[in-house]
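S.K.: how would this look folded up:
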Amino acid sequence: MMFIQETIGQMLDDIAAKHAPRDALVFAANNVRYTYALLAQEIDRAARGLIGLGVARGDKVAIWSPNLPEWLIALLALAKIGAITVPIDPAATRDNLLYILQQSECSGLILAGGDDGQRVKTAAEIRQDLPGLRRLFGVGDFTGTTMVTWRELVAGGADVSPATLDKAAAAVRPQDPVAIMYTSGTTGQPKGVVLDHPGLINKSMVATQRQGITADDRLCLFFPLFHMFGNTCIALAGFFRGAALVMPGSTFDPAGARDLIAQSKYGDVSKLPPITITTAGYGGIVGGDLDAIIAEIRKNLGVEVKVRQLEPERFLYFLNEELDEMYETGWIADYPHPQNFLDILFNSTAEYNHGGYNNPDVDRLLEQAAVEKDMDKSLAMYQDVEERLVNDAACIPLWFGQSYYLVRPYVKGYSENPLGQATLNEVRLE
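M.R.: Got it, this is the predicted structure:
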């Protein structure tokens, strides 16, 4: 596949023109439906509204909301005018929200209130601590607040000419940043990853090419949109192929997902093609971790999962010769360093990259991490790679082993090197 050097705005304009009458986005909870023609119109209306309110190229605007059609329209409108989207987990605590808004230097926040209104209250409080947060936009009914409602935002776009939008869109360059996506913060403070237009576009195109996704497909958008798997691996990836996205609701509901499958061309989960997981072993015996994953898929979606078991001596050969839907494997590092796992298994040119994973941004980070002399910076790069692998669904980490040794109180000086090998030259008995 040729590397695409375009902006997301250019890509969506082309796709919308090509697939104008086809479904682009369906929000099943409210029975809201957008064709590609209507979606393009709504994106332009929102983009013009943002321009009218002073949002410009390079401005950072956060989205703090559950899954809604406006979430995606905002993302695409911001991208079209060169602004930078900062997705935030709708369940983020006040401290995490404040940290991300401050660290990313956001000048705007788009939010949708929950049933208890707490998200609105929190945003209003935080605004007092962030003088740079000049604009608050609300999706829903925000009567009596100082926020600009989504309806007012879109309506205000009528005062901005299409020529003004065209000029703003033409000024955007592919290499411009389009999003800052933050890690979960499990290993410290969340870390922002700056992404450009070609990064998101080409990652999506490569993935959908391998998956065989076309404009005839309908994708269930069940994953939270603040997460890269939701906003890129499903949403943007589907849009760039002209597929239809079906959003069950604002949060994931297994029963709702099953209902949508029932309404699809398959008609019933029993008619869905099974998922095949390839694993190594003998006699059809499946490990407990894999068995648990299969049970959850069957329980939540009712989708049949088949296990294809190969003898260990044939397993790796077949992984290299074919592209499997999913496969289970393990890895024992030769030395305790992230490079011995990440670079060896997920670099696009690595011999042991059996899944054929290919992400130029990951390759670049691995190369930089390998030569970075500052250990903290190098580790941060490897942690960034780990987050991207999970977001790209390149792997699902399940477990790691840990060994414990009992040392008698009278044995002194016993220690092990990082490889787990005992160093006995200083051992003494007392």
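S.K.: for the stretch 301-430 of the chain, which spans come out with low pLDDT?
M.R.: 323-324, 399-402, 418-419 (pLDDT under 70).
S.K.: what about the helices in it?
M.R.: 312-321, 339-346, 360-371, 375-391 (DSSP state H, counting those that start in this stretch).
S.K.: Which of the ones you listed sits closest to residue 164?
M.R.: helix 360-371 (32.9 Å; C-beta to C-beta). C-beta: built from backbone N, CA, C; applies to glycine.
S.K.: how far is the closest one from where the chain is centred?
M.R.: In terms of C-alpha atoms, centre = their mean, to the nearest Å, the centre of helix 360-371 is found 19 Å from the chain centre.
S.K.: So which residues make contact with that helix?
M.R.: With contact meaning C-beta atoms under 8 Å, 6 or more residues apart in numbering, helix 360-371 is reached by 195, 199, 202-203, 338-339, 342-343, 346-349, 378, 381-382, 384-385, 388-389.
S.K.: ok, now with 7 Å
M.R.: 199, 339, 342-343, 346-348, 378, 381-382, 384-385, 388 (C-beta atoms under 7 Å, 6 or more residues apart in numbering).
S.K.: Quickly check those for the two that are furthest apart.
M.R.: The widest separation within these (C-beta to C-beta) is 22.4 Å, between 199 and 339.
S.K.: And those two? Which one has more around it.
M.R.: residue 199 (21 against 16; other C-beta atoms under 10 Å).
S.K.: quick one on the thing from earlier: can you tell me which of the helices of the stretch 301-430 of the chain comes nearest to residue 302?
M.R.: Nearest of the helices of the stretch 301-430 of the chain (C-beta to C-beta): helix 375-391, 25.4 Å.
S.K.: Tell me which residues of that closest one come out buried.
M.R.: Neighbour-count burial for helix 375-391 flags 378, 380-391 (criterion: 16 or more other C-beta atoms under 10 Å).
S.K.: Show me which of these is closest to residue 18.
M.R.: Nearest member of the buried residues of helix 375-391 to residue 18, counting by C-beta to C-beta, is residue 391, at 28.1 Å.
S.K.: Leaving out the residues flanking it, which one is nearest to the closest one?
M.R.: Distance criterion C-beta to C-beta, 6 or more residues apart in numbering; nearest residue to residue 391, sequence neighbours excluded, is residue 228 at 3.7 Å.
S.K.: Isn't that neighbour up against residue 390?
M.R.: No. Taking C-beta atoms under 7 Å as the definition, residue 228 is not a contact partner of residue 390, at 8.9 Å.
S.K.: okay, and the common contacts of those two?
M.R.: If you check residue 228 and residue 390 against C-beta under 7 Å, 6+ apart, no residue is contacted by both.
S.K.: what stretches of the stretch 101-250 of the chain score poorly on pLDDT?
M.R.: If you take pLDDT under 70 as the line, the stretch 101-250 of the chain has these spans: 113-116, 143-144, 185-187.
S.K.: got the domain boundaries for this protein?
M.R.: Following automatic domain parsing, one finds the domains of the chain at 8-255, 273-319.
S.K.: Of those, which is nearest residue 411?
M.R.: Minimum separation from residue 411 across the domains of the chain (C-beta to C-beta) falls at domain 8-255, 34.1 Å.
S.K.: chain center to the closest one, what's the gap?
M.R.: Using C-alpha atoms, centre = their mean, the offset of domain 8-255 from its chain centre is 13 Å.
S.K.: Can you get me the start-to-end distance on it?
M.R.: 33 Å (C-alpha to C-alpha, to the nearest Å).
S.K.: In stretch 182-191, which residues are buried?
M.R.: Buried, per 16+ other C-beta under 10 Å, within stretch 182-191: 182-183, 190-191.
S.K.: On the three-state scheme, the spatially closest residue to residue 74 that is not a sequence neighbour is what?
M.R.: Of all residues not flanking residue 74 in the chain, residue 110 sits nearest, at 5.3 Å (C-beta to C-beta, 6+ apart). Three-state call for residue 110 (DSSP: H, G, I helix; E, B strand; the rest coil): strand.
S.K.: correct me, but residue 110 touches residue 137?
M.R.: Yes. The pair residue 110 / residue 137 is scored as a contact, 4.5 Å apart, by C-beta under 7 Å.
S.K.: out of those two, which sits in the more crowded spot?
M.R.: For residue 110 and residue 137, the more surrounded residue by other C-beta under 10 Å is residue 110, and the numbers stand at 28 against 25.
S.K.: Enumerate the beta-bridge partners assigned to that one.
M.R.: For residue 110, the beta-bridge partners are residue 63, residue 137 (DSSP bridges).
S.K.: Can you name the residues that contact it?
M.R.: Residue 110 neighbours (C-beta under 7 Å, 6+ apart): 61, 63, 65, 74, 137, 139.
S.K.: what about 6 Å?
M.R.: 63, 74, 137 (C-beta atoms under 6 Å, 6 or more residues apart in numbering).
S.K.: just curious, which of those is nearest to residue 263?
M.R.: residue 74 (27.1 Å).
S.K.: Wasn't the closest one part of a strand?
M.R.: No. Judged by three-state DSSP, residue 74 forms no part of a strand; its state is helix.
S.K.: what number of residues lie near it?
M.R.: Look at residue 74: counted by other C-beta under 10 Å, it has 25 neighbours.
S.K.: For residue 28, see how far away it is.
M.R.: The spacing between residue 74 and residue 28, counted by C-beta to C-beta, to the nearest Å, is 20 Å.
S.K.: before we move on, back to that, can you get me a residue count around the residue nearest to residue 391?
M.R.: Residue 228 has 25 nearby residues by other C-beta under 10 Å.
S.K.: Also residue 164?
M.R.: 16.
S.K.: Tell me how many other residues surround the nearest residue in space to it that is not next to it in sequence.
M.R.: Sequence neighbours aside, residue 51 is the residue nearest to residue 164 in space, at 6.3 Å (criterion: C-beta to C-beta, 6+ apart). A count of nearby residues for residue 51, using other C-beta under 10 Å, gives 24.
S.K.: again with the one 10 residues further on
M.R.: Other residues within reach of residue 61 by the criterion other C-beta under 10 Å amount to 22.
S.K.: hang on, it is in a strand, isn't it?
M.R.: Yes. Under three-state DSSP, residue 61 falls within a strand.
S.K.: Can you name the residues that contact it?
M.R.: 78, 83, 108.
S.K.: Setting the sequence-adjacent residues aside, check what's closest to it.
M.R.: residue 108 (3.9 Å).
S.K.: That neighbour touches residue 133, doesn't it?
M.R.: No. Using C-beta atoms under 6 Å as the test, residue 108 is too far from residue 133 to be in contact (7.2 Å).
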